[in-house]
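1. Sequence first, then the predicted structure, then my questions.
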Amino acid sequence: MAIVVFADHHQGEIKKAALEAIFYASEWATTQQQEVIAVVIGEVPHPSSLENLGQYGAHRVYYVNSSWLNDFDARLYSLVFREILEQLQAQICVLPHDFNGRALAPYLAAQWQAGLLTGVCSLPESDGSFQKQVFSGKALAWMHVHTARKVITLLPNTFSVKQQDRKATVENWQPSQVKADQRKIRVKELRTTQGRVPLSEASIIVSGGRGLKGPENWGMIEELAKVLGAATACSRPVADAGWRPHHEHVGQTGLTVRPNLYIAIGISGAIQHLAGVNGSKYIVVINKDPEAPFFQAADYGIVGDAFEVVPRLIEAVKKFKGLS
Ligand SMILES: Cc1cc2nc3c(=O)[nH]c(=O)nc-3n(C[C@H](O)[C@H](O)[C@H](O)COP(=O)(O)OP(=O)(O)OC[C@H]3O[C@@H](n4cnc5c(N)ncnc54)[C@H](O)[C@@H]3O)c2cc1C
């Protein structure tokens, strides 16, 4: 028996959340004496590099190298997965709880007639329950899936990955029941930003709020992000005002992020903002108001004017990194 994992990738680079899902599956598999099969769909530039998924706990990699599957399509991918799962007679499928994983999981659960549990943050407990954050991360719930077949999505950054010295076997796999003419979605054009860390993958995020007064002051946020190798984010009013693009907006109605370090600058720390960032490992808050609610959630805080603190922080990081 096998636990099957969706090893989602971007142009051949397996996403961090998917590596965590593979490691999670391997921890689960050891208690069940099962093997872990990572499924990579769509062409990758260097297929032999997929053997490195063994370092994260995969025993085998099913490489579905059909060009017509290069663009993510939740409906089509769910059919491919169903075929793999049925062929392997597997009972468990693990996906990362990111954009694609969240889109694919319900399709797959419906196609494969499985129970679905999304956003878990623990391995199954002794009674078979899984922990899951509820009420915007304010509480934990223990949930059971009563079906034998289970589709589970793993919340990113809840499992620290430990790499091991192992290589996976890479096998080319082609669907026999799913055909290219079943494709309904065609991507006409893809626009990507160059040289930026994607927010959902970032381990450090520098985020700005209304305290920065206007879009003209974002230069220092971008510079701090650049010297730290971080992604930039913002509060909702900042995106609503058009100071920053909406894809940077984090919080209850925006993205949920779980970086190792979240630096909040000129953000008050409203509950709706915290809902999207309170899973961060460390939170640093820079705010001129010592009563700002964000300080309650902070691991480190600087009470001060962002326009004085941030340039000094940039200089300090540059000096520390030998960049100045
Ligand atoms: C249904 C609903 C959903 C929402 N969803 C979201 C969401 O997803 N994400 C989100 O962010 N918000 C969301 N909001 C809005 C949220 O309630 C807050 O209004 C918002 O987060 C406040 O943004 P802010 O902290 O940038 O601005 P403000 O509340 O205006 O705070 C600005 C902060 O900057 C500080 N400041 C000012 N000048 C300086 C300076 N020179 N140096 C340092 N600090 C300074 C101030 O002390 C203040 O704390 C939602 C609201 C509702 C009702």
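-> Cool, got the structure.
2. Is it correct that Trp218 is in contact with Gly209?
-> No - Trp218 is beyond contact range of Gly209, at 11.4 Å (criterion: CB atoms under 8 Å). C-beta coordinates here come from the backbone N, C-alpha and C atoms, glycine included.
3. Give me the more crowded residue out of the two.
-> The neighbour comparison of Trp218 against Gly209 (other CB atoms under 10 Å) goes to Gly209, with 24 against 17.
4. who in the protein is up against the ligand?
-> Proximity of the chain to the ligand is confined to 209-211, 235-238, 251-254, 266-268, 270, 272-273, 276, 286-289, 292, 305-307 under the rule CB under 6 Å from any ligand atom.
5. just checking, which of the residues you listed belong to helices?
-> Arg236, Pro237, Val238, Gln272, His273, Gly276, Ala306, Phe307 (DSSP state H).
6. Tell me how far Arg186 lies from Ala241.
-> Applying CB to CB, to the nearest Å, the value for Arg186 to Ala241 is 35 Å.
7. Looking at those two, which one has more neighbours?
-> Remark: of Arg186 and Ala241, Ala241 carries more neighbours, 12 against 8, as counted by other CB under 10 Å.
8. Extract the C-alpha trace of stretch 272-286 and format it as PDB.
-> Extracted in PDB, the C-alpha atoms of stretch 272-286 (Å, rounded to 0.1, in the frame of the first residue of the first chain):
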ATOM      1  CA  GLN A 272      -8.700  40.500  10.400                       C
ATOM      2  CA  HIS A 273      -5.000  41.100   9.600                       C
ATOM      3  CA  LEU A 274      -3.700  38.800  12.300                       C
ATOM      4  CA  ALA A 275      -6.000  36.000  11.000                       C
ATOM      5  CA  GLY A 276      -3.700  35.800   8.000                       C
ATOM      6  CA  VAL A 277      -0.300  36.000   9.700                       C
ATOM      7  CA  ASN A 278      -0.600  34.600  13.200                       C
ATOM      8  CA  GLY A 279       0.900  31.200  12.000                       C
ATOM      9  CA  SER A 280       4.200  33.000  11.400                       C
ATOM     10  CA  LYS A 281       7.100  31.500  13.400                       C
ATOM     11  CA  TYR A 282       8.400  35.000  14.500                       C
ATOM     12  CA  ILE A 283       6.600  38.300  14.300                       C
ATOM     13  CA  VAL A 284       8.400  41.600  14.500                       C
ATOM     14  CA  VAL A 285       6.300  44.700  14.700                       C
ATOM     15  CA  ILE A 286       7.500  48.300  14.000                       C
END
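9. shift numbering so it begins at 29
-> Right, with 29 as the first residue, what we last looked at is stretch 300-314.
10. chain center to it, what's the gap?
-> Computed by CA atoms, centre = their mean, to the nearest Å, the chain-centroid distance of stretch 300-314 equals 16 Å.
11. Also stretch 74-81?
-> Using CA atoms, centre = their mean, the offset of stretch 74-81 from its chain centre is 21 Å.
12. Between the two ends of it, what distance do you get?
-> The first residue of stretch 74-81 is 13 Å away from its last residue (CA to CA, to the nearest Å).
13. Next, give phi and psi for Glu343.
-> phi -60, psi -40 (degrees, to the nearest 10).
14. how about the nearest residue to it, chain neighbours excluded?
-> Ser352 (6.7 Å; CB to CB, 6 or more residues apart in numbering).
15. what does Val331 give?
-> Using CB to CB, 6+ apart, the nearest residue to Val331 is Pro318, at 4.7 Å.
16. I'd like to know how far the one you found sits from Ser296.
-> 12 Å.
17. So the two - more neighbours on which side?
-> Ser296 (18 against 9).
18. For stretch 77-88, what does the pLDDT average out to?
-> The pLDDT scores in stretch 77-88 average 97.
19. Then stretch 47-62?
-> Rounded mean pLDDT across stretch 47-62 is 94.
20. Just the residues contacting it, thanks.
-> 29-31, 33-35, 63-64, 66, 81, 84-86, 120, 122-124, 129, 151-152, 182, 184-187, 189-190 (CB atoms under 8 Å, 6 or more residues apart in numbering).
21. Put the buried members of those residues into a ChimeraX selection.
-> Listed next is the ChimeraX selection for buried residues among the contacts of stretch 47-62, using 16 or more other CB atoms under 10 Å:
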select :30,31,33,34,35,63,64,66,81,84,85,86,120,122,123,124,129,152,182,184,185,186,187
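22. Which ones among the contacts of stretch 47-62 map onto strands?
-> Among the contacts of stretch 47-62, DSSP state E puts Ala30, Ile31, Val33, Phe34, Glu63, Val64, Ala66, Ile120, Val122, Leu123, Pro124, Leu182 in strands.
23. Having no further points to raise, I will conclude here.
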